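Chemist: just coords:
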């Protein structure tokens, strides 16, 4: 998963960071999984932006694995860090422009959400588990709901042209995932073009 041209020290540091992050999230009850590069679809298939997939086809059976076992997954091999959605958390994936508008609206409302940024410009808003998403979001091809039987990459998983990173860390929310309906509503409003109000500073007379 890591660039073969990276110095050994860099690759070693990434393995340590990925393992530490996986263990910490597993202790918090997040269903983390080890990820690997997907197999090429055809000869010469460009894997640059294809997402990592679970290392095991039986990944659903691994959900809820204890942190001690999770630690062994990341001890001897280099894996991407994935989290399964639809049990503990969901994610809504949007483009950069919509992500920025929604992020500002959430901040203005005082309800920040954990947000992940992918190197290809996609943003992932983490929420509680939902049964569905509003039609305004579901009908947009550029918006993807990651719910049951899906998974997403977590920081600091590397891609060929960058590293997955937090835009808003879970610590900002006190590790309390925001209600899915509230985040969906903000995304719908942002999709409709609503912007966060600008703070106007009045000058002294």
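Modeler: That came in fine, so what should we check first? If you're wondering where the values come from, they're calculated on a predicted model, not measured in any experiment.
Chemist: please count neighbours and contacts with C-alpha atoms only from this point.
Modeler: Noted.
Chemist: shaky segments in the protein?
Modeler: 1-12, 39-49, 160, 198-205 (pLDDT under 70).
Chemist: and the helices in the chain, which stretches?
Modeler: Assigned by DSSP state H, the chain shows helices spanning 8-27, 67-73, 96-109, 135-138, 180-191.
Chemist: minimum distance to residue 82: which of the ones you listed has it?
Modeler: Of all the helices of the chain, helix 8-27 sits nearest to residue 82, with 8.6 Å by C-alpha to C-alpha.
Chemist: and the closest one, which residues are buried?
Modeler: Neighbour counts over helix 8-27 (16 or more other C-alpha atoms under 10 Å) mark 11, 14-15, 17-19, 21-24, 26 as buried.
Chemist: how close does residue 105 get to residue 190?
Modeler: Distance, residue 105 to residue 190, using C-alpha to C-alpha, to the nearest Å: 8 Å.
Chemist: no no, residue 81
Modeler: 29 Å.
Chemist: more neighbours: which of these two?
Modeler: residue 81 (26 against 22; other C-alpha atoms under 10 Å).
Chemist: next up, phi/psi of residue 129, please.
Modeler: phi -70, psi 140 (degrees, to the nearest 10).
Chemist: ok, it - contacts?
Modeler: The neighbourhood of residue 129, defined by C-alpha atoms under 8 Å, 6 or more residues apart in numbering, consists of 85-90, 147, 180.
Chemist: out of those, who's the most crowded?
Modeler: Highest count within those by other C-alpha under 10 Å belongs to residue 90, 27 neighbours.
Chemist: surely that residue touches residue 132?
Modeler: No - the criterion here is C-alpha atoms under 8 Å, and residue 90 misses it with residue 132 at 10.5 Å.
Chemist: neighbours around residue 79, how many?
Modeler: 25.
Chemist: isn't it up against residue 33?
Modeler: No - here residue 79 lies out of contact with residue 33, judged by C-alpha under 8 Å, at a distance of 9.1 Å.
Chemist: how far away is the spatially most central residue of the chain from residue 21?
Modeler: When C-alpha atoms, centre = their mean is applied to the chain, the residue found nearest the centroid is residue 116 (4.4 Å). Residue 116 sits 14 Å away from residue 21, going by C-alpha to C-alpha.
Chemist: just residue 72 next, same as before
Modeler: Taking C-alpha to C-alpha, one finds residue 72 at 13 Å from residue 21.
Chemist: hmm, back to that, would you format the contacts of residue 129 as TSV with distance to residue 37 included?
Modeler: As requested, the contacts of residue 129 are exported to TSV (distance: C-alpha to C-alpha, whole Å):
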residue	distance to residue 37
85	19
86	22
87	24
88	24
89	23
90	22
147	21
180	30
